[in-house]
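Undergrad: Please find the sequence and the predicted model below.
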Amino acid sequence: MTETTTTTTATGRASVAALPRRPARSLRAERILDVIIRSIVPVVLALVAGGVLLLALGRNPLTFYGNIWTGGVAAGAWQNSAIRMAPFLLIAAGLTLIFRANIWNLGYNGQFLLAAALVSGYAPGLTNHVPAWLAFALLFLLAGAAGAIWTIVPAVLKARYGTNEIITTLMMSFIGVDLASLLIKGPFHDPTTPLPQTAVIPLDKMLPPIPGTRIHIGLLIAFAAIFVVHYMLTRTSWGLRLQIVGANPRAARHFGINLPRLILTSFLASGFLVGLAATADIVGLWGYIRTGWDPAYGDTIIPFVFLARLNALAVVPFIAFFSVLSTGGDLAAQQAGLPTDVLYVLVGLILLFMTVIEYLGRRRELGQSYLPQGLRQALHLRRAVA
Amino acid sequence: MILASQVWTQIFWTSVIAGGLLAGVPLMFTALGEAISERAGVLNIGLEGMMLAGAYCGFLGAYYGGNQWVGYLAGIGAGILASLIMVALCVWLGLDQIVVGIAITLAGEGITSVLYQARFSAEQPRLGNLDSNPIPLLDRIPVLGKAINGQTPLFDQPLIVYLGLTFAFVLAWVFRRTNVGLNLRAAGEKPEALDAAGVSVVATRSYAVLATGSLAGLGGAYLAIAGTGGFQPFLTQGQGFMAIVIAMLARGRPIRVVVFSLMFGIALSLSTVLQLAGIELAPEVVNMLPFAAVILALILFARRAYLPPALALAYVRGAR
Amino acid sequence: MTQHNGTSIPLVELRGITKAFPGVLANDRIDLTLRGGEVHCLLGENGAGKSTLIAILSGLNRPDAGEILIEGKPTTISSPRRALELGIGTVHQHSTLIPALSVLENLMLGDRRGLRLDEAGARRRLRDLSAQLGVEIDPDAKARDLALGHQQQVEIVKALWRGSRVLILDEPTSMLTPQGVAELAKVLDRLTESGQAIVFITHKLHEALSLGDQISILRQGRLVGHLTKEEIRIRSHDELRAEIVRIMFGEEARDIGDVAELREEVAGARSERHVPENAEVVLELRGLTAPGEGSERGVEEISFELRQGEILGIAGMDGNGQRALAEAIAGQRHASHGHVLLYGGDVSRLGVASRQKLGLRYVTDDRLGEGIVGMLPVGLNLFLKRIGEAPYWRYGRIQRAVVEGRAAELVREFDVRTPSVSKRVSTLSGGNIQKILLARELSFDPKVVVFHKPTYGLDVKTTAMVRALIRKLADGGGAAVVISTDLDELLELSDRIAVLSRGRLVGVVSNGPGAAEEVGELMVGSPAEAA
């Protein structure tokens, strides 16, 4: 019992509540089973339900999923998926971090697009005038700063008045998307084309690939960010404070944690990471931005952040899976004559099945859960006292 | 000269009111719905998805049924169906309202877009214009009643709008003076007290969420049928979330919900109005305005937005 | 309290009621008989099974086994609604009134006759019932604006609203002054005269003896004793008390130390302590004013001095500013005016962590709500007021070995029963959680400690341990402020007792003979002030 729990002391996220009077081996088996049930089953169920929907639309689900494999993994396609992972991982890192504090930054689209517009606007000029490494560093910083700044209003409103951040981040997101569009049409508009888009970064000025692949180094930066976030959350006093705020804001007050400051720093960090994703995507992959482009990466990433139980490392395999799904999904949807929005259905279904599995797991008292710690904790505590 | 400016102002104000109503009524229906569940202690983040489901099915109903009323009923049905998920997962099983709400919104966005494009992407059919029902005598009042240039103000609206406005007053009465309303408020303020009084919290909240779903579905259907005259993917563009804000700022009071909805409607329809006034603005700026207005309202009135204490908390008997 | 129908069919009869929760047998084959015109006291410690029994009677829980007879007929109480229909009304320990609604709205809640609320009818009914109880209630006042005593009266009216014949009162005196208890007794008299059966739950022996016609004693889920009307009438109170103590605590009574001390505790006597006049002032409050939060009251212009070795009790009914006072001293709540001085140094501007470091500590009453973080392990919970401090953290990085090593020592020292320091704290019992709080606040050189309801909801053993720790602190050169709504506790522990009323200190009483009455007077205040 001790050996399974001591390893997770600092985070307190012992993945399985030790059940009394059970031998250690069955515990470990149960833990593995637990992870499988809670993480994989919702995905499988969603894929099955999505298949039923495809059947209903008169498409062959096997062909569809086969095309996802072809477009996302087979031959060199896995490299495309890996390229897509970079922004996904950075956004996932930003969301994991702030969701741990039970704060809902749902304004990632605005944060991302605004940062993307600024990067696209300044990159062509910047890469021409300063050394490449400095240009990249400045562009990452610029995007991070833009993302962070766009969280300030929700952060201050929540810190000062306790205003619900779900609403404010969403509203700021809508504004950010429109503002990005204005920037692209206005100051950053490429004068050589009538299309509403920015000038294209020359290919040789883009983020260089990892030797031997087509994958740009943005992916490495994303992994670095994941590790940093994981370290911050599990080993540092800041991470512990964040977790306490997430679990029980009243307790945070009792322990003298400066709640407003923590809300502000976690929002800024989250927005910063989302902003970094924009640089990785624009300078690594696209090279320019045009109006109306809103990939809404965050929307589809949220479920996987939950599935990973807000663990920054565990999020990696899920994001890898989703990158394949999304890269291959483009091809599959095109072949089936459907919009790529079919992915939204899959993702929504994964979330729904996740909550149901979560419920079943709770009934069986398998142990710790994904989210809503506030409520869950209340239940646990009360049971302990009863 | 004087005459011309008078006409100008009259057209201007008529368009403001007409545009505000056209854009505000879907918000009003949805926000009234949200007011019901918020008061009962359920935060319905899935409103956007429910609206889209209602919009798509409302469009289907009106298109195949050839009648707006079939459309509204279909929209209500779709909203109820979508909210059943929320009832089952959040109210009965006590799962997280925010996660389920996000899921409903995502699935709603995806499924309506896929279904629409799978079937209608080639033709993109349009629905005909709606007949309005001018109220005799009142429709002669300038600005408020008289239609100008096809702009139909307050007293020259489709029947469903009058029904919606009446419903707001009925709802206000229900909240204040009836058992149902008292139960709803208790479910949001202190569910255990309602339970102890022998009224099922789960049932009360279930009905509230179903009512929300049907109203959001109706709002979506109205948006598709009367607002845009057809369906497009992601038609609602965040209006579901705006409805949440409206319900929150109105503290769940129906009459205030109506007033705020119309104010937001005016902000949403501002681009047309400004064009009439000869002011050209980029569409992005205009799109931003309602959201900027919300942020501004929240900054100014942050301290006054009221949410029931038990909001977004599942009720488990004996868990206290 | 004499009634004629003592031999007729009882109103309610419980036979062999059994209810198990995971890991606990809360009720084990309990028999109970309730008759009209009688006050039946259920006496037992926290966790003895009283609340579960009440939950079963009021329809919140269903028994796993056993039978409920209502007027001789076997009946299932399937829901709270069913209980009300059967004429069983309950006044729960925690208020079930909705603060944002008016008294009338609270009373009308759950009415199903017609769609429209019958406001006129409700007013009439309230008038009749208040007349019957001999109380006065403003129907239009918001529940949150009522004083606690009045709230309880509304609760009683609510329980009787639909014609209840059985009224259950769950620890009704826990938040009343001695005078309030007397008033409640009068209300109960009037109710029994009209043939009502009353179930009165308490863990205070003297209340059971003075109010009960029948006394049933619960222990660890079992009915372990019953005193009939006749027994209560013919035997002396001392005899009864000794008997009940024996039944309530059984073999454990010896464990606790001596029954004599326990008896003293029950009787409200105090152990002798002495604080020299010239002892150093360790804590001083000068005109401390702190705002309330939400519907809860703040404090205004609080001033007192606390000397080394002294225990100052703060008495008062719940909701008179206790939390604001405690939190303002601890640094958890911002004081709008005034100063807190520790050893003469002003700490008003310091936060929780700095005050904690200086030895100013706070044991919160809200153990589960803010005292611990349930999903974190026991070890880490012991250091949550020292996050980021060396040697437990270095350069922001946690030093696990140090934290766990020191935590293990504290767990031993304070006798926290946990399998290991890495066990999640939410799995522990209430008593052990309180020990964790005590270990956190009473370690590393504590100087002045604020205890807020330190023994609330604890079993007798842990209660005794907590009180011993408070005395030890004072005897060892520290000082304590004990905030409690349990007057008996303050009389046992304190050197002086200050009374907090409506956010102000209305007086300070030296502990000794007659202190209880004096404190009670102060709690009620002058009529003008109460209006």
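TA: Perfect, I can see it now.
Undergrad: count of neighbours near the closest residue to residue A:319 other than its chain neighbours?
TA: The shortest distance from residue A:319 to any non-neighbouring residue, by Cβ to Cβ, 6 or more residues apart in numbering or on different chains, is to residue A:88 (4.8 Å). Bear in mind the C-beta positions are built from the backbone N, C-alpha and C, glycine included. When neighbours are defined as other Cβ atoms under 10 Å in any protein chain shown, residue A:88 has 27 of them.
Undergrad: Look up how far residue B:277 lies from residue A:282.
TA: In this view, residue A:282 and residue B:277 are 38 Å apart by Cβ to Cβ, to the nearest Å.
Undergrad: Between these two, which is the more surrounded one?
TA: residue A:282 (28 against 14).
Undergrad: quick one: contacts for that one?
TA: A:116, A:119-120, A:123, A:201, A:288-289 (Cβ atoms under 8 Å, 6 or more residues apart in numbering or on different chains).
Undergrad: Need the three-state assignment for residue C:67.
TA: strand (DSSP: H, G, I helix; E, B strand; the rest coil).
Undergrad: does it really touch residue C:16, like I thought?
TA: Yes: between residue C:67 and residue C:16 there is a contact at 6.5 Å, judged by Cβ atoms under 8 Å.
Undergrad: got the residues of chain B near chain C?
TA: Residues of chain B lying close to chain C by Cβ under 8 Å from any Cβ of the partner chain are B:177-180, B:182-183, B:185-186, B:189-190, B:192-200, B:317-318, B:320.
Undergrad: Now, those that are in strands?
TA: Among these, no member falls in strands (DSSP state E).
Undergrad: Go through these and flag which are in helices.
TA: Among the residues of chain B next to chain C, the members falling in helices (DSSP state H) are B:177, B:179-180, B:182-183, B:185-186, B:189, B:192-196.
Undergrad: Pull up the gap between the residue lying farthest from the centre of chain C and residue A:237, please.
TA: Using Cα atoms, centre = their mean, the residue of chain C lying farthest from its centre is residue C:395. It sits 43.0 Å away. Here residue C:395 is placed at a distance of 10 Å from residue A:237 (Cβ to Cβ).
Undergrad: swap in residue A:173?
TA: 31 Å.
Undergrad: who's more crowded, those two?
TA: With neighbours defined as other Cβ under 10 Å, residue A:173 and residue A:237 compare such that residue A:173 has more, 27 against 20.
Undergrad: Now the longest helix along chain B: buried residues?
TA: When chain B is parsed with DSSP H, its longest helix is helix B:2-39. For helix B:2-39, the neighbour count (16 or more other Cβ atoms under 10 Å in any protein chain shown) marks B:11-39 as buried.
Undergrad: still on that earlier bit, farthest pair within the ones in helices among the residues of chain B next to chain C?
TA: For those, the maximum inter-member distance is 24.2 Å, found between B:177 and B:192 (Cβ to Cβ).
Undergrad: could you point out where the chain is predicted with low confidence?
TA: You didn't say which chain, so I picked chain A. A:1-27, A:362-386 (pLDDT under 70).
Undergrad: I was thinking of chain B, sorry if that wasn't clear
TA: For chain B, the ranges with pLDDT under 70 are B:1-8, B:137, B:142-151, B:271-272, B:275-276, B:302-320.
Undergrad: Could you pull up the contacting residues of the residue of the stretch 1-150 of chain B found nearest chain C?
TA: Going by Cβ to the nearest Cβ, chain C is nearest to residue B:39 of the stretch 1-150 of chain B, at 10.9 Å. By Cβ under 8 Å, 6+ apart, the contact list for residue B:39 reads B:175, B:184-185, B:187-188, B:208, B:252, B:308.
Undergrad: if we can go back for a sec, can you tell me which of the contacts of residue A:282 comes closest to chain B?
TA: Closest to chain B, out of all of those and judged by Cβ to the nearest Cβ, is residue A:289, at 14.4 Å.
Undergrad: circling back to that earlier point, would you mind writing the ChimeraX command to select the buried ones in the contacts of residue A:282?
TA: Buried subset of those, written as a ChimeraX selection, criterion 16+ other Cβ under 10 Å:
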select /A:116,119,120,123,201,288,289
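Undergrad: Widest-spaced pair of the contacts of residue A:282?
TA: A:116 and A:201 (12.3 Å).
Undergrad: what is residue C:30 paired to in the beta sheet?
TA: residue C:17 (DSSP bridges).
Undergrad: so it sits right up against residue C:53, yeah?
TA: Yes: assessed by Cβ under 8 Å, residue C:30 is found in contact with residue C:53 at 6.3 Å.
Undergrad: Between those two, which contacts overlap?
TA: Common neighbours of residue C:30 and residue C:53 (Cβ under 8 Å, 6+ apart) are C:14, C:17, C:218.
Undergrad: Take the residues you listed and lay them out in JSON lines including pLDDT and neighbour count.
TA: What follows is the shared contacts of residue C:30 and residue C:53, written out as JSON lines (pLDDT from 0 to 100; neighbours: other Cβ atoms under 10 Å in any protein chain shown):
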{"residue": "C:14", "pLDDT": "92", "neighbour count": "21"}
{"residue": "C:17", "pLDDT": "92", "neighbour count": "23"}
{"residue": "C:218", "pLDDT": "88", "neighbour count": "27"}
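Undergrad: just curious, which of the residues you listed is nearest to residue C:150?
TA: Using Cβ to Cβ, the shared contacts of residue C:30 and residue C:53 come closest to residue C:150 at residue C:218, 30.4 Å.
Undergrad: what sits against the residue nearest to the closest one when sequence neighbours are not counted?
TA: Among residues not flanking residue C:218 along the chain, residue C:44 sits closest, at 3.6 Å (Cβ to Cβ, 6+ apart). Going by Cβ under 8 Å, 6+ apart, residue C:44 touches C:50, C:203, C:217-219, C:248.
Undergrad: which of these tops the neighbour count?
TA: Neighbour-wise, these (other Cβ under 10 Å) top out at residue C:218, 27 neighbours.
Undergrad: helix, strand or coil for it?
TA: strand.
Undergrad: same deal with residue B:284?
TA: helix.
Undergrad: Same check on the one 10 residues further on?
TA: With three-state DSSP as the basis, the three-state label of residue B:294 is helix.
Undergrad: Do I have it right that it meets residue A:169?
TA: No: under the criterion of Cβ under 8 Å, residue B:294 makes no contact with residue A:169, lying 11.7 Å away.
Undergrad: who has more neighbours, the two?
TA: residue A:169 (30 against 27).
Undergrad: Let me know the distance separating the residue nearest to the more buried one when sequence neighbours are not counted from chain C.
TA: Distances taken as Cβ to Cβ, 6+ apart put residue A:107 closest to residue A:169, at 3.3 Å, once the chain neighbours are dropped. Look at residue A:107 and chain C: by Cβ to the nearest Cβ, to the nearest Å, they are 27 Å apart.
Undergrad: Identify the residues contacting the residue farthest from the centre of chain C.
TA: So residue C:395 contacts nothing (Cβ under 8 Å, 6+ apart).
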